[in-house]
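Enquirer: Sequence and computational prediction follow.
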Amino acid sequence: MTDDAPREQEFDPIYLQMITSLQAAAMMQMGKIMNPQTGKIDRHMELAQNTIDILAMMKRKMQGNLSKPEQDYLDHILYELRMNFVEETENPSDAAETPETSEKTEEKKDEPSSEPSESA
């Protein structure tokens, strides 16, 4: 029994946790998910790009040291993050709404209009 055979089936839980935490950070930085600490959705595209670059660097540095499932998982995460990043940078007008701006929008809808209404 060689060390290489079982390695193909391994999915190191610490590796999984590290990659998943960086993925979640990048998604928060792109405004795709809410920050659980602040309860807000913020966009920080420079930070998101940096986090994606860190994952890409890790892929290069770990080349040949990952099991097939680990490599596939990292490839999938990088693909998804890059596609989301492109989507967010192509749609800058769709900036993430914070719960506060969402509430203000709702308040404006409920307020009576200052324009005179036309009665027939």
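Expert: Structure received.

Enquirer: buried set for stretch 78-85?
Expert: Within stretch 78-85, the residues that qualify as buried are 78, 81, 84-85, counting by 16 or more other C-beta atoms under 10 Å. For the C-beta atoms, the positions are set from N, CA and C on the backbone; glycine is no exception.

Enquirer: Can you get me a residue count around E46?
Expert: 9 (other C-beta atoms under 10 Å).

Enquirer: quick one: it from M57, how far?
Expert: 16 Å (C-beta to C-beta, to the nearest Å).

Enquirer: Secondary structure element holding the residue nearest to Q29 when sequence neighbours are not counted?
Expert: Of all residues not flanking Q29 in the chain, A48 sits nearest, at 3.7 Å (C-beta to C-beta, 6 or more residues apart in numbering). Element membership for A48 (DSSP states H and E) is helix 45-61.

Enquirer: Name the next helix or strand downstream of that helix, please.
Expert: By DSSP H and E, the next helix or strand past helix 45-61 is helix 68-90.

Enquirer: Where does pLDDT dip in this structure?
Expert: 1-9, 93-120 (pLDDT under 70).

Enquirer: The helix holding A48 to helix 68-90, inter-axis angle?
Expert: 160 degrees (axes from the mean of the first three to the mean of the last three C-alpha atoms, to 10 degrees).

Enquirer: Show me what helix 45-61 is in contact with.
Expert: Contact partners of helix 45-61, identified using C-beta atoms under 8 Å, 6 or more residues apart in numbering, comprise 19, 22-23, 25-26, 29-30, 74-75, 77-78, 81-82, 85, 88-89.

Enquirer: what's the closest of those residues to L66?
Expert: Of all the contacts of helix 45-61, L74 has the smallest distance to L66: 7.0 Å, by C-beta to C-beta.
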